[in-house]
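1. Take a look and give me a structure for this.
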Amino acid sequence: MMVKAGDVAGLLGVEEKTVLGWVRKDGLPATLVNGNYQINRMDLFEWATEHGIKVPPELFSEAEPDVYFPTLAEALGAGGIHCNVPGEDKLTVLKNVIGLIKLPPQVDPEFLLQVLLAREALGTTAIGDGVAIPHVRNPILLDRLPSSIMLCFLRRPVDFGALDGLPVRILFLLTSSTVKVHLHLLSKLAYALSDEGFKSSLKLVCDPGGIISAAAKVEKEIGR
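-> Residues are numbered from 1 along each chain as shown. Model prediction:
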């Protein structure tokens, strides 16, 4: 899940010294290995999204044989688009979101809640513009469920400590069969959240059909 600073530069279309500047001056998390900076893809996604930098799907595209990689529309269809999810704060919002997942019997919802809360304790998972993705660095792997992206519109905005100061009104929760499927779904979502058409569909009244349609259009753009 690590990528070299030079490779990040090539994918983002910038010079390597620009990436090194992000690491040294702008807070991009990186690890120094044998004199070279390596960057966790999850950290890059969070940092780039917070700073308005588009992350190309190629950054996350690692092939894995015999594994199905769903489209964005398929993943949203599997996870569901949920309107008016209640909650007064992070705890109650996350608890209610977990309650919407059809978990297998062996998965303890309280344990899953603690995992998400532990991630929040490390720093906000709000990526700006009223959107949060609670578990980017810690994939939720459920091998007995279809990989999915759950989209929740909160009944009322909740403060997640976002860097832009905006409360969260939209929350995405990914569940995947493997880490690579998680990366695949994350790449689709990252691209979609930088697409004006898809972002516009999220700003309207909770409209599952319109959002799925916008997701399908984004998928065609990725294909081109």
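
2. helix or strand right after the helix or strand that residue 190 is a member of?
-> Assigned by DSSP states H and E, residue 190 belongs to helix 179-192. Sequence order places helix 196-203 as the next helix or strand after helix 179-192, per DSSP H and E.

3. Check which helices and strands whatever helix or strand comes next after that next one is in contact with.
-> The C-terminal neighbour of helix 196-203 among helices and strands, as given by DSSP H and E, is helix 208-223. On a contact count with 3 or more Cβ pairs under 8 Å, 6 or more residues apart in numbering; DSSP states H and E, helix 208-223 meets helix 72-79, strand 81-85, helix 179-192, helix 196-203. (C-beta placed from N, C-alpha, C; glycine too.)

4. which outside residues touch stretch 25-34?
-> If you take Cβ atoms under 8 Å, 6 or more residues apart in numbering as the criterion, stretch 25-34 is touched by 2, 5, 19, 22-23, 37-40, 43-44, 47, 51.

5. how much space between the closest residue to residue 131 other than its chain neighbours and residue 193?
-> Nearest non-adjacent residue to residue 131, counting by Cβ to Cβ, 6 or more residues apart in numbering: residue 170, 4.9 Å away. Counting by Cβ to Cβ, to the nearest Å, the gap from residue 170 to residue 193 is 10 Å.

6. neighbours around the residue nearest to residue 201 when sequence neighbours are not counted, how many?
-> Nearest non-adjacent residue to residue 201, counting by Cβ to Cβ, 6+ apart: residue 214, 3.9 Å away. Neighbourhood size, residue 214 [other Cβ atoms under 10 Å]: 23.

7. what residues are up against residue 214?
-> 192, 197, 198, 200, 201.

8. Determine which of the helices and strands packed on helix 208-223 approaches residue 151 most closely.
-> Counting by Cβ to Cβ, residue 151 lies closest to strand 81-85 out of the helices and strands packed on helix 208-223; the figure is 4.7 Å.

9. got the buried residues for that closest one?
-> By 16 or more other Cβ atoms under 10 Å, the buried positions in strand 81-85 come out as 81, 82, 85.

10. for the protein, what helix or strand is lowest in average pLDDT?
-> Lowest by mean pLDDT, DSSP states H and E among the helices and strands of the chain is strand 140-141, with a mean of 70.

11. and the next element down the chain from that one?
-> Counting by DSSP H and E, the next helix or strand C-terminal to strand 140-141 is strand 148-158.
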